[in-house]
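> fold the following, please.
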Amino acid sequence: MVGTKIDGKAIAQSIKDRTIQAVRQLKTEGIDPCLATVLVGNDPASATYVKNKHKACQEVGITTRDHRLNNDITQDQINKVIDELNVDASVHGILVQIPLPIHLNEFAVTSRISPIKDVDGLTPYNAGLLSMKKAVLVACTPQGIMEMLEYHKIGLQGKNVVLINRSNLVGKPLYHLLLQQDATIITCHSKTKNLVEFCKNADIIITAVGNRKKFTLTSDMIKKDAIVIDVAISRHNDGLVGDCNYDEIIQKASFVTPVPGGVGPMTVAMLLKNTVTAASLASKIGR
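As a prediction, the model looks like this:
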């Protein structure tokens with residue numbers, strides 16, 4: 001039996017539909033949800049990501065502000081931009097597109113964002129709350145993955161999960177979200193030994209390497225009816241691919257996300273959801 005495709009586009013659209021209703025409700029209360037983006041330099045991929053986020057916001061009625069900064073901006077200058085956005089009551093969410101140029105301290109920049117406007121869930125405050133199961137604003141990609149699993153009623157209690165990523169954006173926050181659902185998680189990375197054996201014993205594999213020259217998940221590395229969530233996206237042989245060969249994996253797995261059209265749309269949908277949540281938080285604090 002061929003496995004089931006986890007259609008990220010369809011699930012993301014259902015979240016967008018709910019977000020539209022939430023935005024309308026907030027506007028009846030005099031609250032206009034607003035996301036401010038900060039893009040440093042002219043990296044084409046980053047510019048495309050920001051453009052897509054603005055487009056998605058417009059589709060659901062979220063106002064956007066686009067801050068484009070020169071590549072040679074100093075740490076003090078970008079800090080000033082963040083500080084101004086933090087105190088601007090009309091801005092509810094702040095997103096700094098990363099990676100930043102190497103002369104800027106990425107941790108210092110993201111840490112400077114007000115926790116109630118941290119729609120990427122990257123500040124130490126929100127990361128700490130997540131580890132204590134108290135977070136309201138959670139990193140978008142991990143949150144999107146959890147939504148996908150819930151949509152398909154995939155239970156996590158007691159499941160063996162292999163997570164191939166340990167980044168602040170994906171691996172670390174996702175670890176905590178999975179643990180909160182009573183999964184047993186093995187976090188793997190570039191220094192992990194016997195990765196194939198870990199994968200063969202996993203009920204669920206979540207992979208986010210993003211480099212086909214270094215790693216490809218193949219069907220002989222998974223057990224029958226395993227669930228595969230492919231977070232990675234990179235260009236390979238003139239096409240966009242993830243970490244696994246979808247057409248091959250779906251012949252053996254029970255559920256698989258495609259690339260593109262899987263986790264990617266969910267990340268954007270969660271950004272919209274977080275922006276609305278941040279606007280709601282701000283309205284309660286301001287009353």
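
> where do the strands sit along the stretch 1-150 of the chain?
Counting by DSSP state E, counting those that start in this stretch, one finds strands in the stretch 1-150 of the chain at the ranges 4-5, 34-40, 63-69, 93-96.

> export the ones you listed as CSV, with columns for mean neighbour count, mean pLDDT and distance to Val259.
(Glycine included, C-beta is placed from N, CA and C.) Converted to CSV, those look like this (neighbours: other Cβ atoms under 10 Å; pLDDT from 0 to 100; distance: least, Cβ to Cβ, whole Å):
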stretch, mean neighbour count, mean pLDDT, distance to Val259
strand 4-5, 14, 98, 11
strand 34-40, 23, 98, 24
strand 63-69, 16, 97, 26
strand 93-96, 27, 98, 23
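
> now these as JSON lines including distance to Gly261?
What follows is the strands of the stretch 1-150 of the chain, written out as JSON lines (distance: least, Cβ to Cβ, whole Å):
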{"stretch": "strand 4-5", "distance to Gly261": "9"}
{"stretch": "strand 34-40", "distance to Gly261": "23"}
{"stretch": "strand 63-69", "distance to Gly261": "24"}
{"stretch": "strand 93-96", "distance to Gly261": "22"}
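
> can you tell which of those strands is closest to His103?
Minimum separation from His103 across those (Cβ to Cβ) falls at strand 34-40, 10.1 Å.

> quick one: the closest one to strand 63-69, angle?
Interaxial angle of strand 34-40 relative to strand 63-69 (axes from the mean of the first three to the mean of the last three Cα atoms, to 10 degrees): 20 degrees.

> what helices or strands is strand 34-40 leaning on?
Here strand 34-40 is seen to pack against helix 44-60, strand 63-69, helix 75-87, strand 93-96, helix 263-285 when contacts are counted using 3 or more Cβ pairs under 8 Å, 6 or more residues apart in numbering; DSSP states H and E.

> which other residues reach the third one?
The set of residues that contact helix 75-87 without belonging to it, under Cβ atoms under 8 Å, 6 or more residues apart in numbering, is 36, 38, 40, 67, 69, 91, 94, 96, 103-105, 108-109, 112-114, 117.

> and the residue nearest to Lys223 when sequence neighbours are not counted, what does it touch?
Distances taken as Cβ to Cβ, 6 or more residues apart in numbering place Lys200 nearest to Lys223, at 5.8 Å, with adjacent residues excluded. By Cβ under 8 Å, 6+ apart, the contact set of Lys200 is Met221, Ile222, Lys223.

> return a PyMOL selection command for the buried portion of those.
Restricted to buried positions by 16 or more other Cβ atoms under 10 Å, the PyMOL selection for the contacts of Lys200 reads:
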select buried, resi 221+222
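
> for the contacts of Lys200, which one is nearest Leu271?
Set against Leu271, the nearest of the contacts of Lys200 by Cβ to Cβ is Ile222 (30.1 Å).

> and stretch 241-261, end to end?
Start-to-end span of stretch 241-261 (Cα to Cα, to the nearest Å) is 11 Å.

> now do the contacts for the spatially most central residue of the chain.
The centroid of the chain falls nearest to Thr141 when counting by Cα atoms, centre = their mean (1.8 Å). Under the criterion of Cβ under 8 Å, 6+ apart, the neighbours of Thr141 are Leu169, Val170, Leu174, Val231, Val263, Met266, Thr267, Met270.
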